[in-house]
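Q: Dropping a prediction and its sequence here:
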There are 4 protein chains.
Amino acid sequence: MRAMRLLAPGQALEPAVLPLPVPGPGELLLQVLACGVCRTDLHIVDGELGEPVLPLIPGHEIVGRVVATGADVEGFVEGEQVGVPWLGWTCGHCDYCLSGRENLCPEARFTGYTRAGGYAEFTVADARYCFPVPGLTAQEASPLLCAGLIGYRAWRIAGGAELRHLGIYGFGAAAHILAQVAVAQGQRVYAFTRPGDHTAQAFARRLGAVWAGDADQPPPAVLDAAILFAPVGELVPLALAQVRPGGRVVSGGIHMSDIPSFPYRLLWQERSLHSVANLTRRDGIDFLALAPTVPVRTETVAYSLEQANEALDDLRNGRLSGAAVLLP
Amino acid sequence: MRAMRLLAPGQALEPAVLPLPVPGPGELLLQVLACGVCRTDLHIVDGELGEPVLPLIPGHEIVGRVVATGADVEGFVEGEQVGVPWLGWTCGHCDYCLSGRENLCPEARFTGYTRAGGYAEFTVADARYCFPVPGLTAQEASPLLCAGLIGYRAWRIAGGAELRHLGIYGFGAAAHILAQVAVAQGQRVYAFTRPGDHTAQAFARRLGAVWAGDADQPPPAVLDAAILFAPVGELVPLALAQVRPGGRVVSGGIHMSDIPSFPYRLLWQERSLHSVANLTRRDGIDFLALAPTVPVRTETVAYSLEQANEALDDLRNGRLSGAAVLLP
Amino acid sequence: MRAMRLLAPGQALEPAVLPLPVPGPGELLLQVLACGVCRTDLHIVDGELGEPVLPLIPGHEIVGRVVATGADVEGFVEGEQVGVPWLGWTCGHCDYCLSGRENLCPEARFTGYTRAGGYAEFTVADARYCFPVPGLTAQEASPLLCAGLIGYRAWRIAGGAELRHLGIYGFGAAAHILAQVAVAQGQRVYAFTRPGDHTAQAFARRLGAVWAGDADQPPPAVLDAAILFAPVGELVPLALAQVRPGGRVVSGGIHMSDIPSFPYRLLWQERSLHSVANLTRRDGIDFLALAPTVPVRTETVAYSLEQANEALDDLRNGRLSGAAVLLP
Amino acid sequence: MRAMRLLAPGQALEPAVLPLPVPGPGELLLQVLACGVCRTDLHIVDGELGEPVLPLIPGHEIVGRVVATGADVEGFVEGEQVGVPWLGWTCGHCDYCLSGRENLCPEARFTGYTRAGGYAEFTVADARYCFPVPGLTAQEASPLLCAGLIGYRAWRIAGGAELRHLGIYGFGAAAHILAQVAVAQGQRVYAFTRPGDHTAQAFARRLGAVWAGDADQPPPAVLDAAILFAPVGELVPLALAQVRPGGRVVSGGIHMSDIPSFPYRLLWQERSLHSVANLTRRDGIDFLALAPTVPVRTETVAYSLEQANEALDDLRNGRLSGAAVLLP
Ligand SMILES: [Zn+2]
Ligand SMILES: [Zn+2]
Ligand SMILES: [Zn+2]
Ligand SMILES: [Zn+2]
Ligand SMILES: [Zn+2]
Ligand SMILES: [Zn+2]
Ligand SMILES: [Zn+2]
Ligand SMILES: [Zn+2]
């Protein structure tokens, strides 16, 4: 099969032709129909996330068709369309796994990072961590599996259905999905972008944001919570300054530049600062049930498998409006 | 009556002889039996907390005896011993008041800050914010009313009864009470002090801490949460570095020096950073019911009313082990 | 002013001409524009709810226009349209009031039951318990204030936004509002009516229920929770039998016939049985913010003030589809 | 090895000599040091719990010593003392397993019911569901594994650390452990027994209950919650009548006689009625960490393995004060 592989951090991906993988017990062999390109992929390729399993096939926003099932697989049939997210395996018996926080399992394995991912024609995944994604095209479903999910988990931590005024910093793939979910629940969304990025601001308004402006400008209302999707530590004090007492600032990224020094008064009054890591299967089940009721529409830009480096570059340089998706 | 008053921030308190205050409807006239001296008093006197009502009688860890009751007071009788905490009044109808977070009420008034406090022979308090404190001497009960309460609220936010390994940074009045509560619930307490402060470390061990050491040293276990009572922003990244994924760092202070720049990886993995502000009446009711079952023993150093400036100085300079209490 | 009054339980309401009430401190004088007729009114008039303050003006789904404000009223202006719900006053300092459950305050006073209500041309209400209701006609807003609110609180207790399959037993005023809220969140609603009541079943389907049938029939899916609006104790075991392990059955009524004997296995597997009592102001704020985003449409039948007895009779005999509203 | 087996419900257990079981992958072979006798065993033997796997070795309060480990076992070493509870296996991927409620997993298997239990010299258990129980004798640890755990889970559902006045109906094995936990947290425990059972009442008082009396008598305080360990449906309305508004009644049993008809007013005011089913591993970890800090002391009566029928009879007839334990 054709695949794109990372041989060493900091290098471009290399095309390769590899044997078809074989599903073990409990696993699915999938033909990859679409695989989203995520900022986390960038962090892995650029060496900002340590110790990937090399050589690595990246990609963790996979939508595929079941081609074969390993022994003991239940609940999936050949031909079915399924999604494979970042969380690829957990131990099932640590304190985290036992208390609904398998996203923090210290032995967890991650798709496209410590397991082979979806920048390929085929992939193998543990069936217990896959989700059915019926009723959507592979291309439009793909960004739901990471950008959508991490945004949803961040939103829940930020206060979820209790929020009324929600700020979102960085209006890319995750934000454009989350904004739709929040607006559908009657929440007022305020979008903050790089100063002067009028394209992104117009995009945010089109998706229902009541206000869109520069990240260093005050919004027209005090925020109940702010979610940061841009990996820029300087945004932390800016966001804390816009949030009401008792409100939360949540960083959705896996990587972010240093958080600068800030005065304690920005945190005081029971404000709090959070990060979001990975996802649980429960997040996936809940989000994929909710998304069609909104309904969430994703904006995607298609690339061929061999254009993976180009897609990564476009994301790195902020040239995308919506989400990049490889169609192998 | 005799009182000590702040005429302007940055100055020493001045003794004064004032007319006896008169309780309005819903208020209690109290003879002050003891009034604790708190770091918040220091912040007010030193001008680090803005806009006190001047001239101000500080003091918000008041234990007094009911001398007279205003109209419409229910539930208190003359001669009864009651405590008056920092939270002196709330609006009762804002979003915060209606959702169990009256500590964040934007119209709240605070004892010894925006209402007259307990550095005096007598004081007047709104009965709805007072608590009965039977069965303890006034001197030993006094530190429970702020140091005890703020520690209890910080501990609840940090995870409360769910914690197993709790770090406490700064081992003064609040910490010495909270450590007893946590130890009584079977939690393992790790005490962090100024480097080389062996007196405070020995004090912590005597109160049940399983380990006591310098704030820049690693404890022998990964912490579930850390509570900071020392008003030193540099402790934030130190504490984050010792807390497990998903764990919380909670600052108990009303004032703290700037939080320095720190790398995002200290926050990542769903760690979070919180502050605690004020208290709710519910905190008071719960904590004052719990404290006698531990039972909490407070260590206090007595001062006369006229020694208030001396007590503040001793606290400012870290010369206290336990809590300073004025006995008017 | 004209009013309809209850002189003794079990009797019809009597028309009366009374002096205009005078608003005390913190109160609003309102011209009643619309007042919904609620099953609770029936229970009061029929003597099933003990000790109303007699002679009583019933009615607690009031929408009125502010005619005058008493001393110390903040946040309301003359001419504004406001709603007055069942919860008319609470003590503000009991355990319940201090922990976000003022609905259970033992000293609470209730509109149209222990305070004068809205079956009149004018009424007086404590401003702290009133809500602005802009942007709706009085007639359509009226049922939101009790039927809507109690349904919303029942739904939250049943699991709220976490639910996927929700059963509703009894499809009248409360159900027709709640169904819209649940459907808007992507939930699947199953409506249970009196056996053979095809009119109510068609009404439910029109409002988005995916299934409507007789109360003694099984729905096509296992329910996550069931809410009972019909005051019929026999429904409790029927509903428990349709709910999954860990699911909840919630009775929304203030009065219900006896719950019959049932086998423990219907409760086992961590099912639970709940009742809902009254509302909190927080419920009101949250629900009235959510309702316009659905948007909730109410179906009402208008009566003149003097037709109050007729409206009560129509409700008692199940002759209403939607909610009865008096227009004084 | 020697074992006691159930050949058909309703019959006495039969002694047998069986081959030593062999641990599969992930399993432990344990020498049984002690196995508690539980009311659930009675329900199985008496045929009140359907479809045990026959012939069955009952017993799910097992303390054993690791004799051998199967392939892929981590975290246990030979010679270590471990406990085996009721929950013996779960699927790990259903909605319940993924949301911290594996106790409700529809595919769960149970020790001594759908897996072989501990009424034998040796047993095999899935290591992921076993707990280390160091520092206690096997005999005293045994009742913690079911009576202790189910009581703890019931207590958490009832309100846990938030409770002040806790009623316990039925003062046997589970109650005598839970009472110690609650008293250690400063809670006031009220013990209700069969009318006239002065022995049990004295036992309860000795363990710290502030009041002990007949189940049909009112306690001297309104209860925040009540937990029912006696499998008697008639207790449900009695308990509801003693619980405050918003309070909970929790049945800890797996089987109970029918709940009789009761008036709705006993449930109204947001009281609620719950059952408890099984346990999660998280319950076990938390409870076994808490128990030694109390410290919990168990009262046990020892029987030989061959006296299993006698032990069951003594439990059935209420002749035990404390918990029966088989010592094979
Ligand atoms: Zn794990
Ligand atoms: Zn991603
Ligand atoms: Zn307020
Ligand atoms: Zn203080
Ligand atoms: Zn109250
Ligand atoms: Zn009503
Ligand atoms: Zn399961
Ligand atoms: Zn058992």
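A: Everything's here; your move. Ligands and ions are numbered 1, 2, ... in the order given.
Q: Could you grab the helix/strand/coil label for the closest residue to A:Ile259 other than its chain neighbours?
A: Excluding its sequence neighbours, the residue lying closest to A:Ile259 (Cβ to Cβ, 6 or more residues apart in numbering or on different chains) is A:Gly233, at 4.2 Å. The way it works is simple: take the backbone N, C-alpha and C, and place the C-beta from them, glycine included. Classification of A:Gly233 using DSSP: H, G, I helix; E, B strand; the rest coil returns coil.
Q: Please name the residues that touch A:Gly233.
A: Applying Cβ atoms under 8 Å, 6 or more residues apart in numbering or on different chains, one finds that A:Gly233 lies in contact with A:256-260, B:261, B:264.
Q: one more time with 6 Å
A: Residues in contact with A:Gly233 (Cβ atoms under 6 Å, 6 or more residues apart in numbering or on different chains) are A:256-259.
Q: List the ones among those residues that fall in strands.
A: Among these, no member is found in strands (DSSP state E).
Q: Nearest to ligand 7 among the residues you listed?
A: Distances from ligand 7 to the contacts of A:Gly233, taken as Cβ to the ion, are shortest for A:Met256 (35.9 Å).
Q: Apart from its neighbours in sequence, what residue is nearest the closest one?
A: B:Tyr264 (3.9 Å).
Q: Would you report the backbone torsion angles of the one you found?
A: phi -60, psi -30 (degrees, to the nearest 10).
Q: Could you check the pLDDT of it?
A: B:Tyr264 is assigned a predicted lDDT (pLDDT) of 97.
Q: Could you do A:Val37 as well?
A: 96.
Q: Count the neighbours of it for me.
A: 32 (other Cβ atoms under 10 Å in any protein chain shown).
Q: isn't it right up against A:Ala324?
A: Yes - using Cβ atoms under 6 Å, A:Val37 is in contact with A:Ala324, at 4.0 Å.
Q: circling back: give me the phi and psi angles of the residue nearest to A:Ile259.
A: Torsion angles at A:Gly233 (phi, psi; degrees, to the nearest 10) stand at phi -60, psi -30.
Q: Over to A:Cys97?
A: Geometry field for A:Cys97 lists phi and psi as phi -60, psi -30, criterion degrees, to the nearest 10.
Q: any idea how far it is from ligand 8?
A: 25 Å (Cβ to the ion, to the nearest Å).
Q: And A:Pro132, by the same measure?
A: Using Cβ to the ion, one gets 38 Å for the distance from A:Pro132 to ligand 8.
Q: Likewise for A:Leu235?
A: Separation of A:Leu235 from ligand 8 (Cβ to the ion) stands at 53 Å.
Q: Could you do A:Val276 as well?
A: In terms of Cβ to the ion, A:Val276 sits 40 Å off from ligand 8.
Q: Equivalent analysis for A:Leu163, please.
A: 44 Å.
Q: and if you look at A:Ile44?
A: From A:Ile44 to ligand 8 the distance is 49 Å (Cβ to the ion).
Q: now A:Ala202
A: The gap separating A:Ala202 from ligand 8 is 63 Å, by Cβ to the ion.
Q: Just confirm that residue is within a helix.
A: Yes - per three-state DSSP, A:Ala202 lies within a helix segment.
Q: Give me the neighbour count for the closest residue to chain D within the stretch 1-150 of chain A.
A: Using Cβ to the nearest Cβ, A:Gly100 is the residue of the stretch 1-150 of chain A that sits closest to chain D, at 3.8 Å. Neighbour count for A:Gly100, taken as other Cβ under 10 Å: 15.
Q: How about it: what's its closest non-neighbour residue?
A: Closest residue to A:Gly100 apart from its sequence neighbours, by Cβ to Cβ, 6+ apart: D:Gly100 at 3.8 Å.
Q: From A:Arg282, how far off is that neighbour?
A: Counting by Cβ to Cβ, to the nearest Å, the separation of D:Gly100 from A:Arg282 is 9 Å.
Q: Check A:Ile254 too.
A: For A:Ile254, the distance to A:Arg282 equals 20 Å [Cβ to Cβ].
Q: Ok, A:Gln217 next?
A: Distance, A:Gln217 to A:Arg282, by Cβ to Cβ: 37 Å.
Q: The two - which one has more neighbours?
A: With neighbours defined as other Cβ under 10 Å, A:Gln217 and A:Arg282 compare such that A:Arg282 has more, 18 against 12.
Q: buried sites along the helix or strand containing the more buried one?
A: Per DSSP states H and E, A:Arg282 falls inside helix A:281-290. Buried residues in helix A:281-290, counting neighbours by 16 or more other Cβ atoms under 10 Å in any protein chain shown, are found at A:281-288, A:290.
Q: other SSEs contacting the helix or strand just after that helix?
A: Sequence order places strand A:300-304 as the next helix or strand after helix A:281-290, per DSSP H and E. Packed against strand A:300-304, as judged by 3 or more Cβ pairs under 6 Å, 6 or more residues apart in numbering or on different chains; DSSP states H and E, are the following elements: strand A:323-327.
Q: Going by residue numbers, what spans are helices in the stretch 151-300 of chain A?
A: Assigned helices in the stretch 151-300 of chain A, in chain order: A:173-184, A:198-206, A:235-240, A:281-290 (criterion: DSSP state H, counting those that start in this stretch).
Q: Of all these, which one is nearest A:Leu29?
A: Between A:Leu29 and the helices of the stretch 151-300 of chain A, the tightest spacing by Cβ to Cβ is seen for helix A:281-290, at 20.3 Å.
Q: what's in contact with the closest one?
A: With Cβ under 6 Å, 6+ apart as the test, helix A:281-290 has contacts from A:85, A:131, A:149, A:152-153, C:186, D:98-99.
Q: just stretch A:258-273 next, same as before
A: Applying Cβ under 6 Å, 6+ apart, the external contacts of stretch A:258-273 come out as A:233-234, A:236-237, A:240-241, A:243, A:245-249, B:256, B:258-263, B:272-275, B:277.
Q: change it to 8 Å
A: A:233-234, A:236-237, A:240-241, A:243, A:245-249, A:251, B:101, B:103-104, B:157, B:233, B:251, B:253-264, B:267, B:272-277.
Q: Give me the buried subset of these.
A: Buried among those (16+ other Cβ under 10 Å): A:233-234, A:236-237, A:240-241, A:243, A:245-249, A:251, B:101, B:103-104, B:157, B:233, B:251, B:253-256, B:259, B:262, B:264, B:267, B:272-277.
Q: Got the domain ranges for chain A?
A: A:2-143+A:298-327, A:148-275 (automatic domain parsing).
Q: Quickly compare these and say which is most buried.
A: Stretch with highest mean neighbour count among the domains of chain A: domain A:148-275 (a mean of 21; mean count of other Cβ atoms under 10 Å in any protein chain shown).
Q: and that one, is it in reach of ligand 3?
A: No - Domain A:148-275 is not in contact with ligand 3 by Cβ under 5 Å from the ion; minimum separation 11.1 Å.
Q: Figure out how far that domain is from the centre of its chain.
A: The chain centre lies 16 Å from the centre of domain A:148-275; the measure is Cα atoms, centre = their mean, to the nearest Å.
Q: do it and ligand 2 meet at all?
A: No - contact of domain A:148-275 with ligand 2 (Cβ under 5 Å from the ion) is absent, the minimum separation being 6.4 Å.
Q: do stretch A:119-133 as well
A: No - Stretch A:119-133 is not in contact with ligand 2 by Cβ under 5 Å from the ion; minimum separation 12.8 Å.
Q: And chain C, is that stretch touching that?
A: No - for stretch A:119-133, no contact with chain C is found by Cβ under 8 Å from any Cβ of the partner chain; the gap never falls below 14.9 Å.
Q: Sounds good, over and out.
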